[in-house]
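K.L.:
Turn this into a structure:
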Amino acid sequence: MFSLDQKYIQRLVESSPDIIIAVDSSGTIVYYNDGARKSLQFGGQEMIGRRADDIYPSIEEARRVMKAMRDSGDAGRVSNFETVFRDKNGALIPVMISGSIIYDDESKEIGSIGFARDIRRMRMREQLATAGEIAVSLAHEINNPLESITNNLELLARAIEGHMKDAELATENEHLEAIRAGIGRVTAIVRRLDEMSRKGVYETRDYMNGKRMADLAPREAVALPKHISEATQAASLPVPSEQSWPLASMAVLVLDDDVEVVTSLADVLRAERCIVHTAMRPSAALGVLRNMKIDAVISDVVMPEMDGYEFYMHVKQEMPQVPVILMTAYYYDKDHIIKRSKLKGLEGAIFKKPVNPAKMRQMLIAIRQKGVAATKPPIAPPVPPSSTPPQAGASH
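P.N.:
Numbers count the residues shown, from 1 in each chain. Below is the predicted model of the structure:
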């Protein structure tokens, strides 16, 4: 039978990746393992004989750990007690320590031993999880206002056309471009946070006085994100002429639980001469659909009462002829709402807010054209000429 001798046990403790430090009753370090050397960067000979206070950022913190052991009520033992060590370069290392006071045969305190685990990686994982939650929330809470700003910017760009001299118009267009660039930068920052959280890379940079801050600066040059850039180009397109309003009189229902998104998107559609109905809850939208003739629905994905997929399925069941377009403020379809809806026949999806006005316009034009084509009566095929030769006339 295999038995563990003292040398084998010593080698196990010495090779442990955890920090293992033992001190005598006066607080002098008497044992310092390889895991401690690697984590704290002090050599063993440097630390043997030194005060244990030297591995803490302050003597008060060292005393707090010892007090926790003495007050534990478990024979001087603590488990998973959080504290902080300081390495040779002065860097602070958060650790989780399990330790105990050592007593002799007469129950006299002769020292203590601590087993500490560097929890920086665990903290980083926690930070990434938190960053992921923040990224999802930020995408929704920031992209909805950006949707309103983008829509109003589109309306403003149209309003100034034809009302200013060329020089004035050039100046105002520069101001509009600056606003679009700001929208693009905010969008890129939120996207950067989302990428960091999903890729598992939490990057920081110096802020001030040794403090750190998350590095959310976009990695690409100050280029606008694609859908913002497309929206910028769309806003520069000429306004449709009086004779060319392909969406005129098209009845569109806008559904979103954000009042600014509903209002601004409705205004953009009215500028296209659409007839616009609005709703902020799916139940209200279904009420409109049951009582009004609607040519298309533009709906948010994440809403109270039901999500976009559930809403789409209600519409598909009751009014299968009404096309639905889904839009979302999130950067990815985390619940596969849009994907599941497409499998069931969803007409279209504008995946991210801010919505690209040109893309939305083209989607609605395609829906209208499809609807017109479906209502046209089929054209009867031409009748081929008769192949029967004419009969000879009667003789007179």
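K.L.:
list the helices and strands the lengthiest strand in the chain packs on?
P.N.:
In the chain, ranked by residue count with DSSP state E as the criterion, the top strand is strand 92-103. In terms of contacts (3 or more CB pairs under 8 Å, 6 or more residues apart in numbering; DSSP states H and E), strand 92-103 is packed against helix 59-70, strand 77-86, strand 109-118, helix 120-160. For every residue, glycine as well, the C-beta is placed using N, CA and C.
K.L.:
avg pLDDT for it?
P.N.:
Taken as a whole, strand 92-103 has a mean pLDDT of 92.
K.L.:
neighbouring strands for it, and are they parallel or not?
P.N.:
The pairing partners recorded for strand 92-103 under DSSP bridges are strand 77-86 (antiparallel), strand 109-118 (antiparallel).
K.L.:
The ones you listed: which one's closest to residue 9?
P.N.:
When the strands paired with strand 92-103 are compared for distance to residue 9 using CB to CB, the nearest one is strand 109-118, at 13.3 Å.
K.L.:
Which parts of the closest one count as buried, going by neighbours?
P.N.:
111-118 (16 or more other CB atoms under 10 Å).
K.L.:
C-terminal to the lowest-mean-pLDDT helix or strand in the chain, what's the next element?
P.N.:
Between all helices and strands in the chain, the lowest mean by mean pLDDT, DSSP states H and E belongs to helix 226-235, at a mean of 45. Beyond helix 226-235 on the C-terminal side, the first helix or strand identified by DSSP states H and E is strand 251-255.
K.L.:
elements contacting that following strand?
P.N.:
With contacts taken as 3+ CB pairs under 8 Å, 6+ apart, strand 251-255 sits against helix 259-271, strand 275-279, helix 282-291, strand 296-300.
K.L.:
contacting residues around residue 50?
P.N.:
In this structure, residue 50 makes contact with 28-29, judged by CB atoms under 8 Å, 6 or more residues apart in numbering.
K.L.:
mind checking how far it is from residue 65?
P.N.:
The spacing between residue 50 and residue 65, counted by CB to CB, to the nearest Å, is 16 Å.
K.L.:
try residue 306
P.N.:
In this structure, residue 306 and residue 65 are separated by 53 Å, where distance is defined by CB to CB.
K.L.:
more neighbours, these two?
P.N.:
Under the neighbour definition other CB atoms under 10 Å, residue 306 and residue 65 were set side by side, and residue 65 has more, 20 against 15.
K.L.:
surely the more buried one meets residue 83?
P.N.:
Yes. In this structure, residue 65 is within contact of residue 83 by CB atoms under 8 Å, at 5.4 Å.
K.L.:
between the two, what contacts are shared?
P.N.:
Residues touching both residue 65 and residue 83 by CB under 8 Å, 6+ apart: 56, 97.
K.L.:
Where does the prediction get shaky in the stretch 251-396 of the chain?
P.N.:
For the stretch 251-396 of the chain, residues meeting the criterion pLDDT under 70 lie at 329-336, 347-352, 374-396.
K.L.:
same question but for the stretch 51-200 of the chain, I mixed them up
P.N.:
With pLDDT under 70 as the threshold, the stretch 51-200 of the chain has low-confidence stretches at 131, 197, 200.
K.L.:
relative orientation of the one helix or strand residue 366 maps to and strand 251-255 in degrees?
P.N.:
Counting by DSSP H and E, the element that carries residue 366 is helix 357-375. With axes from the mean of the first three to the mean of the last three CA atoms, to 10 degrees as the basis, helix 357-375 and strand 251-255 are set at 130 degrees to each other.
K.L.:
Show me what counts as buried in helix 357-375.
P.N.:
In terms of neighbour count (16+ other CB under 10 Å), helix 357-375 has its buried residues at 357-361, 363-364, 367-368.
K.L.:
That helix packs against which elements?
P.N.:
Helix 357-375 makes packing contacts with helix 120-160, helix 226-235, strand 296-300, strand 324-327, strand 348-350 when contacts are defined by 3+ CB pairs under 8 Å, 6+ apart.
K.L.:
Can I get that helix in PDB, CA atoms only?
P.N.:
Extracted C-alpha coordinates of helix 357-375, given in PDB (Å, rounded to 0.1, in the frame of the first residue of the first chain):
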ATOM      1  CA  PRO A 357     -33.600  55.300 -43.700                       C
ATOM      2  CA  ALA A 358     -32.600  54.200 -47.200                       C
ATOM      3  CA  LYS A 359     -32.800  50.500 -46.400                       C
ATOM      4  CA  MET A 360     -36.200  50.900 -44.600                       C
ATOM      5  CA  ARG A 361     -37.500  52.900 -47.600                       C
ATOM      6  CA  GLN A 362     -36.400  50.200 -50.100                       C
ATOM      7  CA  MET A 363     -38.000  47.400 -47.900                       C
ATOM      8  CA  LEU A 364     -41.300  49.200 -47.900                       C
ATOM      9  CA  ILE A 365     -41.100  49.900 -51.700                       C
ATOM     10  CA  ALA A 366     -40.500  46.200 -52.300                       C
ATOM     11  CA  ILE A 367     -43.400  45.300 -50.000                       C
ATOM     12  CA  ARG A 368     -45.700  47.700 -51.900                       C
ATOM     13  CA  GLN A 369     -44.600  46.400 -55.300                       C
ATOM     14  CA  LYS A 370     -45.100  42.800 -54.100                       C
ATOM     15  CA  GLY A 371     -48.600  43.700 -52.900                       C
ATOM     16  CA  VAL A 372     -49.500  45.500 -56.200                       C
ATOM     17  CA  ALA A 373     -48.300  42.500 -58.200                       C
ATOM     18  CA  ALA A 374     -50.400  40.100 -56.100                       C
ATOM     19  CA  THR A 375     -53.600  42.100 -56.700                       C
END
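K.L.:
Many thanks, have a good one.
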